[in-house]
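Participant: quick one, fold the following:
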Amino acid sequence: MTNASLTPPPGVVTVFADIWCSFAHIAVHRLHATRKRLGLEDQVAFDLRSFPLELLNDAPSPRPGTDSEVGRMASLEPAAGWQLWQAKDWLYPSTMLPALEAVQAVKAQSLAASEQLDLGLRKAFWAESRSVSHRKVILDVAAETGAVDVAALAEALDDGRARATLSAQAAVARTDAVSCSPHLFLPDGSDVANPGIEVRWEGAYGIGFPVIESDDPKIYEELLLNAATG
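Facilitator: Predicted structure coming up:
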């Protein structure tokens, strides 16, 4: 697998990301906010693809890890929406695969619909403490977007038609072509991992915490203008 094979058509940004990933939550928020501010909503679309950490790590993402990231990452982009988990402990998602599958299933409706479901599921998890691994919560979020045919999504989840797509994307995520969540691919053949953010970890994941060395959100203007003209 080469980066060239992941190059999207003009007007599209391909984004490999997991919903569990706080860095991806920032990236997706900044993509949407910057696209709107630049007036590029009709010129640029986002193709969200799965970087399923639980499959790559062969284990669910540990809650202490996501908890340790909230305060640090929220300070970079408060508007993305954040809070420490507020629901009952047993409602904390043990998997993100159903949510990631739902985003892929909705692409049959449109990229725009899948964008909105992906964004809604991220906000539901990070900002609203909702159990987005549960079918009803996924469908509720889909309805709240106003952009998704919920009945069609329910059918797709029931027959698992997007599961093979999710598995194929996981296989790509395991290759050297995709290095992390988030990793963006642009129409000119360029790509950038975790745009604008340099980070290191103090202590082990789930025990320590991230230390942000630098953050340049202006890179999203360059990326989106590139996609619009690429």
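Participant: okay, CA-based contacts and neighbour counts for the rest of this
Facilitator: OK.
Participant: just the CA atoms of stretch 38-58, as CSV, please.
Facilitator: Taking Å, rounded to 0.1, in the frame of the first residue of the first chain, the C-alpha atoms of stretch 38-58 are listed here in CSV:
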residue,chain,number,x,y,z
LEU,A,38,-13.6,29.7,4.3
GLY,A,39,-16.9,29.2,2.5
LEU,A,40,-15.8,25.9,1.0
GLU,A,41,-18.7,23.7,2.1
ASP,A,42,-19.8,23.1,-1.5
GLN,A,43,-16.3,22.7,-2.8
VAL,A,44,-14.7,20.3,-0.3
ALA,A,45,-16.0,17.0,1.2
PHE,A,46,-14.5,14.7,3.9
ASP,A,47,-14.1,11.0,3.3
LEU,A,48,-13.9,9.6,6.8
ARG,A,49,-12.2,6.2,7.0
SER,A,50,-11.6,4.0,10.0
PHE,A,51,-8.4,3.8,12.0
PRO,A,52,-9.8,1.3,14.6
LEU,A,53,-7.4,1.4,17.5
GLU,A,54,-9.0,-1.5,19.2
LEU,A,55,-8.2,-3.8,16.2
LEU,A,56,-4.7,-2.4,15.7
ASN,A,57,-3.9,-2.7,19.4
ASP,A,58,-5.9,-5.9,19.8
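Participant: which parts of that stretch are buried?
Facilitator: 40, 44-55 (16 or more other C-alpha atoms under 10 Å).
Participant: do stretch 96-104 as well
Facilitator: Within stretch 96-104, judged by 16+ other C-alpha under 10 Å, the buried ones are 96-104.
Participant: I'd like those laid out as a markdown table, including distance to Ile212.
Facilitator: Below are the buried residues of stretch 96-104 laid out as a markdown table (distance: C-alpha to C-alpha, whole Å):
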| residue | distance to Ile212 |
| --- | --- |
| Met96 | 26 |
| Leu97 | 28 |
| Pro98 | 31 |
| Ala99 | 28 |
| Leu100 | 27 |
| Glu101 | 31 |
| Ala102 | 32 |
| Val103 | 29 |
| Gln104 | 31 |
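Participant: okay, those residues in CSV with distance to Ala152 and pLDDT next?
Facilitator: What follows is the buried residues of stretch 96-104, written out as CSV (distance: C-alpha to C-alpha, whole Å; pLDDT from 0 to 100):
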residue, distance to Ala152, pLDDT
Met96, 20, 97
Leu97, 18, 98
Pro98, 15, 98
Ala99, 15, 98
Leu100, 16, 98
Glu101, 14, 98
Ala102, 11, 98
Val103, 12, 98
Gln104, 13, 98
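Participant: appreciated, that's everything.
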